[in-house]
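**Q** based on what follows, work out the 3D shape:
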Amino acid sequence: MTIQKIFLSAHFMVLLGLVVFTFLPFYTLSHTFPIEVWFKQLSLFLYWTGAYFLVIKVLLPKLLYRNKGALFALVLLAVLFGASILNNRFDNAIRFTEVVEKNLPASNAGNTSPTGDMGAVLMTILVCGIGVIIVITQKIQQDQLQKISSELAFLKTQINPHFFFNVLHTIYGLTDQDTAKAKDSIYTLSHMMRYVLYHSENTTLEKELEFVESYNKLMRLRVPPDVQIIFEKPAFIEDVPIAPMIILPFIENAYKHGISSIYPSFIFMSVAHTHNLIEIEVRNSSFGSGGGELEESNGIGLTNTRRRLNLLYPGRHTLVVDDNKANKEFSIHLKLAIA
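**A** So this is what the prediction gives:
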């Protein structure tokens, strides 16, 4: 449920509680009360409703949150005393106590007004207090979401330049060797940049895999021809959402640490989608030179990806990292539970 829906449902519950408190005690009695009694109760209901929305729409956002605490307290006190004055004026005008006692059995005499002066004040305090709790809770949730959004934006500003720096370095190396390939690489990079610009908030698995294929196309230009590069993906890709640029740092890591100009090298990439689960596996050859130190040796890309996963998929992902020195293989296995 979104914050907005929770907020609206909280309003509804508060108003429903006011209706029950204001009208139910009289409605359940088997006596017919004059219209003045119901008019008084309606006036109190409207007063409490107004006090509630005054707190959540004006007093908190316009006064308390703008460091006008003294004025906030004065207005709130005026609202509380106003409930007592309104209740007393109505009681005197319609002789409320006499009317209620006249319509109640003798056994209930003395318990005549469920909304006496003190009851009106206490109910106003309760209504205003609930309003304060709801608004403060909503603000805390919004601040947390804003903090998470800001952190995600900061992490992406680090990941994207890190990626483009590596790609541009590759293209630069081609300019003197193969002009045609360099031009083709620039064209591919322009499509990748468009993806980053227009899919910065959300994307689909299909588009993300197209982006990975473009990256592989560029990186193949700089690796030795005998390096085995395998990319497995589903033949049919459903239109499922995924966070953008969440796969790439693991593949960057494989190219950075899994390629050797001396030893046989390989990179294996696999993406599978079943029901509400996306599984990503990346394996590469390891040469004992830091290729398995995920946090310390592989740059900001992977460290930030871990943090992004914690923010975007809290409790809905598992990341297993294995540095098998016996088989000289480094691997990551990521599972994402999608809605």
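**Q** going forward, measure contacts and count neighbours with C-alpha atoms only.
**A** OK.
**Q** contacts made by the helix or strand harbouring K335 with the rest, please.
**A** According to DSSP states H and E, K335 maps onto strand 329-337. When contacts are defined by C-alpha atoms under 8 Å, 6 or more residues apart in numbering, strand 329-337 is touched by residues 250, 276-286, 291-292, 313, 316-324.
**Q** chain center to that strand, what's the gap?
**A** 25 Å (C-alpha atoms, centre = their mean, to the nearest Å).
**Q** ditto for stretch 250-259
**A** 31 Å.
**Q** average pLDDT for that stretch, rounded please.
**A** In this model, stretch 250-259 has an average pLDDT of 87.
**Q** buried sites along it?
**A** By neighbour count on 16 or more other C-alpha atoms under 10 Å, the buried set for stretch 250-259 is F250, I251, E252, N253, A254, Y255, H257, G258, I259.
**Q** got the CA coordinates for that stretch in CSV?
**A** C-alpha atoms of stretch 250-259 as CSV (Å, rounded to 0.1, in the frame of the first residue of the first chain):
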residue,chain,number,x,y,z
PHE,A,250,29.2,-7.7,-12.6
ILE,A,251,30.0,-8.0,-16.3
GLU,A,252,32.4,-5.1,-16.1
ASN,A,253,34.2,-6.9,-13.2
ALA,A,254,34.5,-10.1,-15.4
TYR,A,255,36.1,-8.2,-18.3
LYS,A,256,38.4,-6.3,-15.9
HIS,A,257,39.7,-9.3,-13.9
GLY,A,258,38.9,-12.3,-16.1
ILE,A,259,40.9,-11.6,-19.2
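**Q** quick one: strands adjacent to the strand holding K335?
**A** strand 277-285 (antiparallel), strand 317-324 (antiparallel) (DSSP bridges).
**Q** buried stuff in that strand?
**A** Here strand 329-337 shows E329, F330, S331, I332, H333, L334, K335, L336, A337 as buried, counting by 16+ other C-alpha under 10 Å.
**Q** pLDDT wise, what is the third one at?
**A** At S331, the pLDDT value in this model is 92.
**Q** which residue ranges of the chain form helices?
**A** For the chain, helices defined by DSSP state H occupy the ranges 3-27, 35-54, 69-94, 96-103, 117-174, 179-198, 205-219, 248-257, 299-312.
**Q** show me what counts as buried in the third one.
**A** Using 16+ other C-alpha under 10 Å as the burial criterion, the residues of helix 69-94 that qualify are 72, 75-76, 79-84, 86-88, 90-91.
**Q** how much space between the closest residue in space to M192 that isn't next to it in sequence and P249?
**A** Nearest residue to M192, sequence neighbours excluded (C-alpha to C-alpha, 6 or more residues apart in numbering): F211, at 6.3 Å. Applying C-alpha to C-alpha, to the nearest Å, the value for F211 to P249 is 12 Å.
**Q** before I go, just wanted to say thanks for your time.
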